[in-house]
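Participant: Show me how the following folds:
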Amino acid sequence: MVDTPGGVGGEERRSRDNHRDVSTTSDRPRIFHLIIGFCGAFALSWLFVMALVLSLKSGGQRERSVVERSDGDPFSNAIAVSRSGPIISVAHDPVLNPSPLTLDGESVENDLLLFVWFNLRGTIDVKERATFLGKYNSEEMNPEGYAVAVVGGPDGVRPTIYWQNKAGQGRWYTFASTVVEQGRWYLLAVTFRSQRYLGVHLAPYGPKARVEVLGGYDLGGQIVPSSSAELEVGAFPKSKFRGQIGPFGVLRGMDILNEAPKFLQVLARDPAAAIDRVEQSKIGLWADPNLDRGPKGMKVREASESPG
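Facilitator: Next up, the predicted model:
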């Protein structure tokens, strides 16, 4: 039998063809939707991963930032000084004097840098001297050694340094006047080079601190103190100093002209970290202020403690 367009065989073929056409047409949107859905899910997953990475990275940056800002108070161990004390002392050691040294058979430069942090509480009257660090016998008339003080004046205070050798050469040397605010921390540094040049530097504490040079003296000869007295910090007899004392130290062998200015700039801005910016071999003493952080580990004690 020959199929005709109007016959039963033709109808079946047309039905099958129509079914295939409908199935193919209806499958296309489903595949398209599946592809779109897969791409969307992949994009969302990728965005989620990226957001997580950025969040962790940002969180880490915030944590580091907090750590950087929480270094602590560099003067948290400061000692309060009043008429009755206390006074901190360090037993005599040759490295605390500016006289030439021989260590391990080698000569050590006699150039010295002495620094001390202080915070005044109350005013100092005109011409009154407030001594707060010294390595000399204060009971003698003209003792050999050195001391650090400030003197009151009509327009601020003037640092004054006692510097005298065994022969009695030397005296109190007074430097330029400067303004020192009560309740604020200041770095005072004394430099001694070539056995005859004495200088004083001062700076307020702060991240933008600038070290000010308050003058210098040519001593006119080799005036080198070599006292066997203890190094003392605090309430000296007849001293008018009232306030707080922070870290103090003695460095030896530093290049005073080229190296010291950069070091003092770091010390004024970040007292806690400055010890890491100088060679350990140059640190004679670094008291903070009742513990020596230097390589020698010297005994630092209050006056009420026994030397042992």
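Participant: Please name the residues that touch the residue nearest to Gln280 when sequence neighbours are not counted.
Facilitator: Nearest residue to Gln280, sequence neighbours excluded (C-beta to C-beta, 6 or more residues apart in numbering): Pro295, at 4.8 Å. Where you see a C-beta, it was placed from the backbone N, CA and C, and this is true even at glycine. Applying C-beta atoms under 8 Å, 6 or more residues apart in numbering to Pro295 gives the contacts Gln280, Ser281, Ile283.
Participant: now, which of those sits nearest Ile223?
Facilitator: Ile283 (24.5 Å; C-beta to C-beta).
Participant: How about the closest one: which residues does it bridge to?
Facilitator: For Ile283, the beta-bridge partners are Leu251 (DSSP bridges).
Participant: what's near enough to touch it?
Facilitator: By C-beta under 8 Å, 6+ apart, the neighbours of Ile283 are Gly249, Leu251, Ile275, Gly294, Pro295, Lys296.
Participant: picking that back up, separation between the residue nearest to Gln280 and Ala273?
Facilitator: 17 Å (C-beta to C-beta, to the nearest Å).
Participant: just the strands in the stretch 101-250 of the chain please.
Facilitator: 101-103, 106-108, 112-120, 129-135, 145-153, 156-164, 170-174, 185-193, 197-204, 212-218, 231-234, 243-252 (DSSP state E, counting those that start in this stretch).
Participant: could you dump these to TSV with distance to Ile87 and mean neighbour count?
Facilitator: What follows is the strands of the stretch 101-250 of the chain, written out as TSV (distance: least, C-beta to C-beta, whole Å; neighbours: other C-beta atoms under 10 Å):
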stretch	distance to Ile87	mean neighbour count
strand 101-103	27	12
strand 106-108	29	11
strand 112-120	14	23
strand 129-135	10	24
strand 145-153	13	23
strand 156-164	17	21
strand 170-174	20	17
strand 185-193	18	23
strand 197-204	23	20
strand 212-218	26	14
strand 231-234	4	24
strand 243-252	10	23
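Participant: what's the closest of those to Ala91?
Facilitator: Proximity to Ala91 (C-beta to C-beta) singles out strand 231-234 among the strands of the stretch 101-250 of the chain, at 8.2 Å.
Participant: So which elements touch that closest one?
Facilitator: strand 79-81, strand 87-90, strand 129-135, strand 243-252 (3 or more C-beta pairs under 8 Å, 6 or more residues apart in numbering; DSSP states H and E).
Participant: Please name the residues that touch the residue nearest the centre of the chain.
Facilitator: Nearest to the mean C-alpha position of the chain, by C-alpha atoms, centre = their mean, lies Asp270 at 2.3 Å. Neighbouring residues of Asp270 by C-beta under 8 Å, 6+ apart: Pro74, Pro207.
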